[in-house]
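[1] Need coordinates for the below:
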Amino acid sequence: MSVETQTTDLPLDTGLPPSGLREAIHDYRQRLRGGDLGALPAVLGLVVLVIFFSALRRESFFTVFNFANLLQQGAMVIVIAMGLVFVLLLGEIDLAAGFTAGTSAAIMGVTLTQKGWAWPLAAVACLLTGTVVGLVIGTLVARLNIPSFVVTLSFFLGLQGIMLLVIGEGGTIPIRDETVLKIMNGNLSVAVGWVLFALIVGGYGLQTFLVRRRRLLGGLPAPSQSVWLAKLAMLTVLLLVATYFLSGERSRRPELVSIKGVPIIVPVILVLLVGLTFVLQRTAFGRHVYAVGGNAEAARRAGINVPGIRVACFMIGSTMAAMAGILFASKDASISPSTGGSSTLLYAVGAAVIGGTSLFGGRGKVRDAILGGLVVAVIANGLPLITEKSGIQYVVTGLVLLLAASVDALSRRRAAAAGRV
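    Numbers count the residues shown, from 1 in each chain. Prediction:
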């Protein structure tokens, strides 16, 4: 009788097993209806933009060369946005992140080029500069209760002055260290690229398998085997296609210079993604960050050191900005007073929000920075191919950010109505 009930309750033409994938899809639909959109808007936006630009400029946009260029073009914004995710999770903002990157890069440039330091020491000096900036900002916000908007706006202006003092009015600091330059301009060998592919797929499969097994043994809810296999298969196919194309020749003049392999910046960003995701998803500190962002007063009453969490998040955000400063120096082979300026901060904030991190705090993941950063990079890369008016790029990016913020606000309202927040 139970068998008959199961067979009559489930449609036979779904192509899905009675449980597992079908239940996962049902649960996902329920979360969407409850306002938990996650990264769906960013993924859909990225797909639509790629199709749009490919249809208009297939010969210049939809190429392996441009695909690799997109990864390198959006790297700095993605790294800054990764740090901003921690700040935004608290419901705070860091307007100084762009110039934190520039100032930290200037310190690296001085120690590397003028002082003759080895590149590891210069890179450490760069990262420590960002950490100190975040410590000061976080202390002013968390201990003195000065609004983060005011504090970081002050640092936005002050750090520009520090950069001018370090670099000099209208001056630049050239970067000639080959190791630093390769970070943004070099590629892995084809063999190493495939090894990286195997490590990522194997590592993800093993880690998720062990987590699922541990939850099942503990009597906790866990994804079904079909859901686990489906996610692993999708990741494998996606990375397989990307690695295959990046391993091919993409130089426009291969007889003069050969360009093959996965860009070095890709494993750099992957390491940052894995490390920061582990901090947010697998540690007590990460749980405390979400708790403070969701309800600071409730977190305080639960015994969480709210000021300490805020200071730590600003320190992480500024350190990641300093990491982006290293990438700026590598990409441009120089550091100038404009490094980290212009629209860098706006694009970084936009990347985090477009990817799915809430401006209201308490909701977001590190991966949001990558998804949103790719959306911003596609817009910045594709629009110049169809129009010479640079103003349109700012208008479109601003509209996309406004749309993302609107979706965030509406989904949050819907989640509140559904009793999820």
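[2] Name the next helix or strand downstream of the helix or strand where Arg287 lies, please.
    Taking DSSP states H and E as the criterion, Arg287 maps to helix 284-294. Next in sequence after helix 284-294, counting helices and strands by DSSP H and E, comes helix 296-301.
[3] who's in contact with that following helix?
    For helix 296-301, contacts defined as C-beta atoms under 8 Å, 6 or more residues apart in numbering pick out His288, Ala291, Val292, Val306, Ile309. Quick note: C-beta positions are derived from backbone N, CA and C, even for glycine.
[4] hang on, the earlier thing: would you mind listing the buried residues in the helix holding Arg287?
    Gly286, His288, Val289, Tyr290, Ala291, Val292, Gly293, Gly294 (16 or more other C-beta atoms under 10 Å).
[5] Distance-wise, check the residue nearest to the spatial centre of the chain relative to Pro254.
    Nearest to the mean C-alpha position of the chain, counting by C-alpha atoms, centre = their mean, stands Ala369 at 2.4 Å. When distance is defined by C-beta to C-beta, to the nearest Å, Ala369 is 34 Å away from Pro254.
[6] Now for the closest residue to Gly248 other than its chain neighbours: which residues touch it?
    Spatially, and ignoring its direct neighbours in sequence, Gly248 is nearest to Val64 (6.3 Å; C-beta to C-beta, 6 or more residues apart in numbering). The contact partners of Val64, by C-beta under 8 Å, 6+ apart, come to Phe245, Leu246, Gly248, Arg250.
[7] sorry, back to before: just give the closest residue to the residue nearest to the centre of the chain, not the sequence neighbours.
    The spatially closest residue to Ala369, leaving aside those adjacent along the chain, is Ala81, at 3.6 Å (C-beta to C-beta, 6+ apart).
[8] do the same with Gly340
    Closest to Gly340 by C-beta to C-beta, 6+ apart is Gly102, at 3.1 Å.
[9] For that neighbour, give me its contacts.
    Remark: with contacts taken as C-beta under 8 Å, 6+ apart, Gly102 is in contact with Leu159, Gln160, Met163, Gly325, Phe328, Ile335, Pro337, Ser338, Thr339, Gly340, Gly341.
[10] List of residues touching whichever helix or strand the third one is part of?
    Which is Met163. Counting by DSSP H and E, the secondary-structure element that holds Met163 is helix 148-167. Around helix 148-167, the neighbours that count as contacts under C-beta under 8 Å, 6+ apart are 87, 92-100, 102-103, 106-107, 109-110, 133, 136-137, 140-141, 173, 314, 335-337, 339, 341, 345.
[11] List the strands paired with the helix or strand following it, with their directions.
    Under the assignment DSSP H and E, the closest C-terminal helix or strand after helix 148-167 is strand 173-174. Here strand 173-174 is paired, per DSSP bridges, with strand 334-335 (antiparallel).
[12] From the chain's centroid, how far away is the strand it pairs with?
    For strand 334-335, the distance between its averaged C-alpha position and the chain's averaged C-alpha position is 24 Å (C-alpha atoms, centre = their mean, to the nearest Å).
[13] Which residues does it contact?
    Counting by C-beta under 8 Å, 6+ apart, strand 334-335 makes contact with Gly102, Ala105, Ala106, Met108, Gly109, Ile167, Thr172, Ile173, Pro174, Ile175, Phe328, Ala329, all of which sit outside it.
[14] What subset of those residues is buried?
    Gly102, Ala105, Ala106, Met108, Gly109, Ile167, Thr172, Ile173, Ile175, Phe328, Ala329.
[15] what about the third one, distance to Gly308?
    Looking back up the chat, that one is Ala106. Separation of Ala106 from Gly308 (C-beta to C-beta): 30 Å.
[16] Same question for the fifth one.
    In this structure, Gly109 and Gly308 are 33 Å apart, going by C-beta to C-beta.
[17] No further queries at this time; thank you.
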